[in-house]
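A.B. asks: next comes the sequence, and after it the predicted model I'd like to discuss.
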Amino acid sequence: EAQVTQNPRYLITVTGKKLTVTCSQNMNHEYMSWYRQDPGLGLRQIYYSMNVEVTDKGDVPEGYKVSRKEKRNFPLILESPSPNQTSLYFCASSLYPNTEAFFGQGTRLTVV
Amino acid sequence: DQQVKQNSPSLSVQEGRISILNCDYTNSMFDYFLWYKKYPAEGPTFLISISSIKDKNEDGRFTVFLNKSAKHLSLHIVPSQPGDSAVYFCAAQGAQKLVFGQGTRLTINP
């Protein structure tokens, strides 16, 4: 079954404690990206990757890092989380940026 | 600066009637437009897309219209069904980035 898997689904952490949200896809897609969803703001792109070792900033990259060492995995790293990073996060993959994207189920992060 | 705007946060439509969701954009460099549907506690799912070289694309009950001169696109759902109740996001693609609107919550009333 074609899918994008994110973990964890829910996470509560404290300010400054490094965390990683994992994302894996099984469709051999080239393009992967991370979004955050906030009320009234919709989905905003954090980072995207066109292929292995190729990553670039989206619209809201501050405070986040990513890596793409393998085609299937695209983890999101928060080196020093802050309360304004409390949000619902989605990972997505697609063959190209303009083709159908498959989204993970989301990770609800709370930073206290 | 919101490059893609969905100005209606919510829309209520009677079952069987047409639902029309609207989206405006500001960047003329966008070359693909997509619509996604989202249920609570799930990730968005793809509905339909349109290239900037077209003005209409149809898939079953869903039709997307693109008016480039007005920088406006719309999604028509006809007939509307209870299962269509969800949040709908339009998205615009350009320069390898994907920009989403704020979403419109569609409620289909029986």
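C.D. replies: Perfect, thanks for sending it. Numbers count the residues shown, from 1 in each chain, chains lettered A, B, ... in the order given.
A.B. asks: any idea how far whichever residue of chain B sits closest to chain A lies from A:Asp56?
C.D. replies: Residue nearest to chain A within chain B (C-beta to the nearest C-beta): B:Gly43, separated by 3.1 Å. C-betas here are computed from N, CA, C, even on glycine. Separation of B:Gly43 from A:Asp56 (C-beta to C-beta, to the nearest Å): 22 Å.
A.B. asks: between those two, which is the more surrounded one?
C.D. replies: B:Gly43 (21 against 14; other C-beta atoms under 10 Å in any protein chain shown).
A.B. asks: where do the strands sit along chain B?
C.D. replies: B:4-5, B:10-14, B:19-25, B:32-38, B:45-51, B:56-59, B:62-67, B:72-77, B:86-94, B:97-100, B:104-109 (DSSP state E).
A.B. asks: neighbours of B:Cys90, how many?
C.D. replies: 28.
A.B. asks: beta-bridge partners for it, please?
C.D. replies: For B:Cys90, the beta-bridge assignment (DSSP bridges) gives partners B:Trp35.
A.B. asks: for it, give me its contacts.
C.D. replies: Taking C-beta atoms under 8 Å, 6 or more residues apart in numbering or on different chains, we find B:Cys90 in contact with B:4, B:6, B:21, B:23, B:33-36, B:73, B:75, B:100-101.
A.B. asks: apply 7 Å and report the result again.
C.D. replies: Counting by C-beta atoms under 7 Å, 6 or more residues apart in numbering or on different chains, B:Cys90 touches B:4, B:6, B:23, B:33, B:35, B:73, B:101.
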